[in-house]
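would you be able to build a 3D model of this:
(one chain, ligands or ions: 2)
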Amino acid sequence: MLNTLIVGASGYAGAELVNYLNRHPHMNITALTVSAQSNDAGKLISELHPQLKGIVDMPLQAMSDISEFTDGVDVVFLATAHEVSHDLAPQFLAKGCVVIDLSGAFRVNDAEFYQRYYGFTHQYPELLEQAVYGLAEWQSDKLKETSLISVPGCYPTAAQLALKPLIDAGLLDLTQWPVINATSGVSGAGRKAAISNSFCEVSLQPYGIFNHRHHPEISTHLGTPVIFTPHLGNFPRGILETITCRLNAGVTQQQIADVFNQAYQNKPLVRLYDKGVPALKNVVGLPFCDIGFAVQGEHLIVVATEDNLLKGASAQAVQCLNIRFGFAETQSLI
Ligand SMILES: NC(=O)C1=CN([C@@H]2O[C@H](COP(=O)(O)OP(=O)(O)OC[C@H]3O[C@@H](n4cnc5c(N)ncnc54)[C@H](OP(=O)(O)O)[C@@H]3O)[C@@H](O)[C@H]2O)C=CC1
Ligand SMILES: CC(=O)N[C@@H](CCC(=O)OP(=O)(O)O)C(=O)O
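Ligands and ions are numbered 1, 2, ... in the order given. Below you'll find the predicted structure:
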């Protein structure tokens with residue numbers, strides 16, 4: 001049995017982690033923490049997230065000094081904002097914990113990237129070097145050996161699962177940059193109130209055009225430029241990405257299907273569609289990324305969908321945990 005601490009447990013991603021880890025037969029949750037100043041300190045997690053009522057009724061504890069929470073802890077999940085994870089991860093690593101960070105603080109090994117896209121100066125180049133990017137289907141060997149797992153962003157997870165096998169197999173003509181049009185539910189922005197996310201303001205609108213931080217995250221890890229345009233949709237959760245690409249001359253529908261099947265045949269959290277393309281509702285509340293595609297001549301459209309809070313965050317974090325410690329990859333997820 002491993003002891004685990006969940007930091008940022010009251011947030012949307014944190015609450016999903018609590019649910020998964022509570023039912024994990026090899027994990028024991030030692031504490032759920034929030035910031036030292038949190039208005040929610042002392043409340044039960046099930047008061048904030050009543051779906052957990054009678055299942056997990058643990059209190060949320062204010063955390064000012066991490067050493068009050070690290071005794072005997074093997075694994076720490078950071079479901080906190082990027083800057084908070086940036087500051088906390090080294091402290092937990094120094095205490096000998098394996099850290100699984102859901103934020104963007106360690107996803108790209110480039111200090112300049114943090115200055116430009118995150119607005120802070122990264123202080124830990126050695127941890128950027130050491131962190132393993134937890135795109136779980138593609139990183140299982142490296143995940144088994146690391147103490148710092150950086151879980152990919154929600155949009156980058158679906159985009160990379162869709163594009164990586166095609167790029168690696170050389171099926172795409174990358175002189176035409178893959179165009180990723182993605183729409184996310186509002187929970188992608190976290191639980192804190194903001195005018196832009198309030199009920200009467202949310203409609204359907206692109207944002208972060210040409211400058212969203214997930215744009216360089218996707219291009220860096222795929223090793224090729226892309227166009228990425230996120231949209232905010234008026235639904236609570238889920239992401240659907242419609243990705244337009246050009247095929248190399250002569251590439252057939254069957255070759256594409258074969259490449260996807262080969263990449264994901266033993267990967268239960270990626271579900272491939274033989275016919276048609278997936279809808280958002282097929283994955284909401286579930287830990288899968290569903291992928292389908294259509295071809296016309298040299299034009300390929302791939303559709304990938306996932307729950308942003310699950311395969312886009314907490315489910316992938318638990319998948320990484322499972323791989324890291326040699327548990328069944330889907331333990332407690334399905
Ligand atoms: N939402 C999503 O779809 C996805 C989120 N992520 C990433 O996961 C992380 C969490 O996201 P999300 O759940 O949406 O965010 P929320 O805003 O919903 O939750 C953030 C949590 O962090 C807590 N917190 C804030 N500061 C501290 C601190 N100093 N110490 C301990 N806890 C703190 C907050 O509680 P309080 O403020 O009361 O202290 C809250 O529990 C972020 O990095 C996000 O980028 C990744 C992929 C998808
Ligand atoms: C709808 C919405 O606002 N989505 C968030 C991305 C989701 C997320 O949390 O990803 P990170 O872990 O990289 O922050 C955004 O665009 O900032």
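
hey, let's count contacts and neighbours off CA atoms from now on
OK.

leaving out chain neighbours, which residue sits closest to A131?
Using CA to CA, 6 or more residues apart in numbering and skipping residues adjacent in sequence, the residue nearest A131 is L148, 5.0 Å away.

doesn't V132 make contact with the one you found?
Yes: using CA atoms under 8 Å, L148 is in contact with V132, at 6.4 Å.

what about the residue nearest to A131, how many residues nearby?
As a burial measure, L148 scores 25 neighbours (other CA atoms under 10 Å).

would you mind measuring from it to V56?
According to CA to CA, to the nearest Å, L148 and V56 sit 27 Å apart.

quickly list what the residue lying closest to Y264 once chain neighbours are set aside is bridged to.
Of all residues not flanking Y264 in the chain, V270 sits nearest, at 6.4 Å (CA to CA, 6+ apart). On the basis of DSSP bridges, V270 is bridged to C289.

contacts only, for V270.
Shown in contact with V270 (CA atoms under 8 Å, 6 or more residues apart in numbering): Y264, F288, C289, D290, I291.

got a pLDDT number for the first one?
If I follow you right, that is Y264. For Y264, the model assigns a pLDDT of 98.

please apply the same query to the second one.
The predicted local confidence for F288 comes out at a pLDDT of 98.

residues in contact with the residue lying closest to it once chain neighbours are set aside?
Closest residue to F288 apart from its sequence neighbours, by CA to CA, 6+ apart: L269 at 4.7 Å. L269 is in contact with P287, F288, C289, T330, counting by CA under 8 Å, 6+ apart.

could you do L166 as well?
Applying CA under 8 Å, 6+ apart, the residues near L166 are L172, I256, V259, F260.

what's the farthest-apart pair in those residues?
Greatest spatial distance among the contacts of L166 (CA to CA): L172 and F260, at 13.3 Å.

give the burial count for Q262, as a bare number.
Neighbour tally, Q262, other CA under 10 Å: 12.

just the CA atoms of the helix or strand containing Q254, as CSV, please.
Using DSSP states H and E, Q254 sits within helix 253-264. Extracted C-alpha coordinates of helix 253-264, given in CSV (Å, rounded to 0.1, in the frame of the first residue of the first chain):
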residue,chain,number,x,y,z
GLN,A,253,-7.4,5.0,-45.5
GLN,A,254,-6.3,1.5,-44.6
GLN,A,255,-2.7,2.6,-43.9
ILE,A,256,-4.1,5.2,-41.4
ALA,A,257,-6.3,2.7,-39.7
ASP,A,258,-3.4,0.3,-39.5
VAL,A,259,-1.1,2.9,-37.9
PHE,A,260,-3.7,3.8,-35.3
ASN,A,261,-4.5,0.2,-34.6
GLN,A,262,-0.8,-0.7,-34.2
ALA,A,263,-0.2,2.3,-31.9
TYR,A,264,-3.2,1.7,-29.6
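
can you confirm K142 is in a strand?
No: the assignment for K142, made by DSSP: H, G, I helix; E, B strand; the rest coil, is helix rather than a strand.

what pLDDT does it get?
97.

check contacts around it.
K142 touches V132, counting by CA under 8 Å, 6+ apart.

near ligand 1, which residues of this protein? Just list them.
For the chain, the residues in contact with ligand 1 (CA under 6 Å from any ligand atom) are 7-14, 33-35, 38-40, 79-82, 84, 102-103, 153-154, 187-192, 308-309, 312-313.

secondary structure element for the closest residue to I323 other than its chain neighbours?
Spatial nearest neighbour of I323, chain neighbours left out: E329 (5.8 Å); criterion: CA to CA, 6+ apart. For E329, there is no host helix or strand (DSSP H and E).
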